[in-house]
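[1] Here you go, sequence then predicted model.
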Amino acid sequence: MHPILLPTPEIADALATGHPVVALESTVISHGMPYPRNLETARALEAEVRAAGALPATIAVMDGRIRIGLDDEALERLATAGHAARKLSRRDLPVALATRAFGATTVAATMIGARLAGIPVFATGGIGGVHRGAETSFDISADLDELARTSVCVVCAGAKSILDLPKTLELLETRGVPVLGFGTEEFPAFYSRRSGLSVDHRCDNVQEVAEILRTKWQLGLEGGVLLANPIPAVDELDADAMEAAVAQALADADARRIKGKDITPHLLAALEAITGGRSLTANIALIRNNARVAAGVAAALAGR
């Protein structure tokens, strides 16, 4: 185990014995949802992974170490800290670790921690990507470059709906990242099952996903794989209504001159207010669904 990592005893034992483990990010706890729904969701995600036969490893930075797996006290610390916890991506990890800062990991930073620990599967809500208007702002998430370089399968409900989905998929193609659809030939649009955009390949079971992952990495093709898992139909929100809500939230962020790493948390909060909480309910449903699928993929990779 890398010396900068601090796994829980349960996770250390699981990794040593080949038991399936699923990585979970921590910004969904600190920055993605209000308290106490964030803590309830963090516990629910871990329960979903366990129920599906794997062990959950929520990743965060605390006391100069990358924590691989958090106990309930650490989960509550993150949940109550909210935005006081630093939002950490690749560029932020060295400073946060060297200065013993307290921080939550984004998709990119969680992938790095998972890879260092030897965890090949990670569940999240939606990845970051190319922001709308990126042709002038150059605002592109570090998640995309991380997917190109770090060998972890990321299970998500597509990219966040606030993004430019066609440009995000185009950049993933350029970076050589396979985009697989789990039970779908269409790239999901986070709150909606449909975007009108195609995935590279449809997988209908976790065994096929696991075989693609093994083949990619056995070929020496470093880098991640995106497994796009649509939100359950019963939890899906109307695509047109959500597009109107996103436009309103983006206009508000632009008026307030909110940019960079602050934009996504602001937009998610704005969408929750605009939709009367329906976007948050859908967000929780889709990430729980992703955790279940990720656990299945991890078990298939482990031969369970």
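    Thanks, I have it.
[2] Okay, the nearest residue in space to Val61 that is not next to it in sequence and Ala81: tell me how far apart.
    For Val61, the nearest residue in space outside its immediate sequence neighbours is Gly103; the separation is 4.4 Å by CB to CB, 6 or more residues apart in numbering. No exception for glycine: its C-beta is placed from N, CA and C like everyone else's. As defined by CB to CB, to the nearest Å, Gly103 lies at a distance of 10 Å from Ala81.
[3] For the two, indicate the residue with more neighbours.
    Neighbour comparison, Gly103 and Ala81: the larger count goes to Gly103, with 25 against 17 (by other CB atoms under 10 Å).
[4] so where's this structure shaky on pLDDT?
    The model of the chain has pLDDT under 70 over residues 261.
[5] one step back: what sits opposite the residue nearest to Val61 in the beta ladder?
    Residues found in beta-bridge contact with Gly103 (criterion: DSSP bridges) are Val61, Arg86.
[6] What separation is there between it and Pro34?
    Remark: distance between Gly103 and Pro34 (CB to CB) = 19 Å.
[7] which residues touch the closest residue to Ala117 other than its chain neighbours?
    Sequence neighbours aside, Ile68 is the residue nearest to Ala117 in space, at 4.8 Å (criterion: CB to CB, 6+ apart). Counting by CB atoms under 8 Å, 6 or more residues apart in numbering, Ile68 touches 5-8, 11, 23, 57, 59, 113, 117, 119.
[8] Torsion angles phi and psi at the residue sitting nearest the centre point of the chain?
    Compute the mean C-alpha point of the chain, and by CA atoms, centre = their mean the closest residue is Thr124, 2.7 Å away. Dihedral angles phi and psi of Thr124 (degrees, to the nearest 10) take the values phi -140, psi -180.
[9] For Gly296, give me its contacts.
    Remark: with contacts taken as CB under 8 Å, 6+ apart, Gly296 is in contact with 52-53, 206.
[10] send the alpha carbons of the lengthiest helix in the chain over as PDB?
    With secondary structure taken from DSSP state H, the chain has its longest helix at helix 278-301. Taking C-alpha atoms only, helix 278-301 is exported to PDB below (Å, rounded to 0.1, in the frame of the first residue of the first chain):
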ATOM      1  CA  ARG A 278     -37.000  17.200  -7.300                       C
ATOM      2  CA  SER A 279     -33.500  17.400  -8.800                       C
ATOM      3  CA  LEU A 280     -31.900  16.400  -5.500                       C
ATOM      4  CA  THR A 281     -34.300  13.500  -5.100                       C
ATOM      5  CA  ALA A 282     -33.400  12.300  -8.600                       C
ATOM      6  CA  ASN A 283     -29.700  12.900  -7.900                       C
ATOM      7  CA  ILE A 284     -29.800  10.600  -4.900                       C
ATOM      8  CA  ALA A 285     -31.700   7.900  -6.800                       C
ATOM      9  CA  LEU A 286     -29.300   7.900  -9.700                       C
ATOM     10  CA  ILE A 287     -26.100   7.700  -7.600                       C
ATOM     11  CA  ARG A 288     -27.600   4.900  -5.500                       C
ATOM     12  CA  ASN A 289     -28.300   3.100  -8.800                       C
ATOM     13  CA  ASN A 290     -24.700   3.700  -9.900                       C
ATOM     14  CA  ALA A 291     -23.400   2.300  -6.600                       C
ATOM     15  CA  ARG A 292     -25.300  -1.000  -7.200                       C
ATOM     16  CA  VAL A 293     -24.100  -1.400 -10.700                       C
ATOM     17  CA  ALA A 294     -20.500  -0.500  -9.700                       C
ATOM     18  CA  ALA A 295     -20.600  -3.200  -7.000                       C
ATOM     19  CA  GLY A 296     -21.700  -5.700  -9.600                       C
ATOM     20  CA  VAL A 297     -18.800  -4.700 -12.000                       C
ATOM     21  CA  ALA A 298     -16.300  -5.000  -9.100                       C
ATOM     22  CA  ALA A 299     -17.600  -8.400  -8.200                       C
ATOM     23  CA  ALA A 300     -17.400  -9.600 -11.800                       C
ATOM     24  CA  LEU A 301     -13.800  -8.300 -12.100                       C
END
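[11] Which positions in that helix come out as buried?
    For helix 278-301, the buried set under the neighbour-count rule, 16 or more other CB atoms under 10 Å, comprises 278-280, 282-301.
[12] now stretch 169-187
    Counting neighbours by 16+ other CB under 10 Å, one finds that the buried residues in stretch 169-187 are 169, 171-172, 177-182, 184, 186-187.
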